[in-house]
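Colleague: the sequence isn't on hand, but the structure is:
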C-alpha cells in the first residue's frame with residue numbers, strides 16, 4: 001500500500017532556465033538592455049538586483065532606448081518612480097527604485113504599480129521582497145560585480161523568467 005501524498009502548498013510558478021551572460025563594459029550593459037527590450041511587452045515586470053554601481057540603471061537606460069521611450073533614463077532614487085511614455089506604439093516604461101522603500105508591497109501599492117503594470121513595462125531596482133506579489137510573471141535580473149576598491153568593469157548577469165509568460169520565451173536574442 002502506498003503512503004499518502006504529502007500535502008502541497010501553493011503552487012510555485014514555473015521558472016525558465018536561467019540565462020547567464022558576462023558583460024565587460026557599461027556600453028555592453030546598455031546594449032544588453034536594448035536587446036532585452038525586444039523580448040518585453042506591456043504587462044511585464046522586470047526586477048533588477050545587484051550591488052550599488054552594478055549597472056542596474058545602465059541596463060534600464062538601454063531598455064528605454066530599445067523600447068523607444070521619451071526622456072533620459074536616470075536613477076529614480078530620490079523620486080522613487082519615473083514614467084517614460086513611448087515615442088511610438090510600444091508600451092511606456094515605468095522605472096522604480098525601491099532602495100529607500102522598506103514597507104514591502106503596502107508601500108509599493110502607494111505608487112499604483114498594479115494600475116500601471118497592464119499597459120507598461122515596469123522595471124524595479126531593489127524590488128526583492130517588495131513587488132513579487134504584483135504578478136505571477138516576472139523577469140528577475142541579478143547583476144554581480146566585484147566589490148571593494150576595484151576598477152573591474154566585468155559584470156555577471158543572470159536572467160531568470162518566472163511564470164508562464166517566461167516559460168517558453170526564446171532568450172537567444174540576449175547572447176547576440
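Modeller: Thanks, I have it. Please read these numbers as outputs of a predicted model, since none were measured by experiment. Numbers count the residues shown, from 1 in each chain.
Colleague: can you tell me the element the closest residue to residue 74 other than its chain neighbours falls in?
Modeller: Of all residues not flanking residue 74 in the chain, residue 57 sits nearest, at 6.9 Å (CB to CB, 6 or more residues apart in numbering). C-beta: built from backbone N, CA, C; applies to glycine. Per DSSP states H and E: residue 57 is located in helix 56-67.
Colleague: which outside residues touch that helix?
Modeller: 26, 29-38, 40, 46, 48-50, 71-75, 84, 86, 90-91, 93, 95, 121, 123, 125, 141, 143, 157 (CB atoms under 8 Å, 6 or more residues apart in numbering).
Colleague: just the buried ones from the residues you listed, in PyMOL syntax?
Modeller: Listed next is the PyMOL selection for buried residues among these, using 16 or more other CB atoms under 10 Å:
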select buried, resi 29+30+31+32+33+34+35+36+37+40+46+48+49+50+73+75+84+86+90+91+93+95+121+123+125+141+143+157
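Colleague: return the subset of the contacts of helix 56-67 lying in helices.
Modeller: Mapping the contacts of helix 56-67 onto helices (DSSP state H) picks out 26, 29, 30, 31, 32, 33, 34, 35, 36, 37.
Colleague: and which of the residues you listed is nearest to residue 148?
Modeller: Comparing the ones in helices among the contacts of helix 56-67 against residue 148 with CB to CB places residue 26 closest, at 18.9 Å.
Colleague: so the closest one touches residue 54, yeah?
Modeller: No: using CB atoms under 8 Å, residue 26 makes no contact with residue 54, being 11.0 Å away.
Colleague: pull the contacting residues for the spatially most central residue of the chain.
Modeller: Residue closest to the mean C-alpha point of the chain, counted by CA atoms, centre = their mean, is residue 46 at 2.3 Å. By CB under 8 Å, 6+ apart, residue 46 lies in contact with 36, 40, 63, 121, 122, 123, 124, 138, 139, 141.
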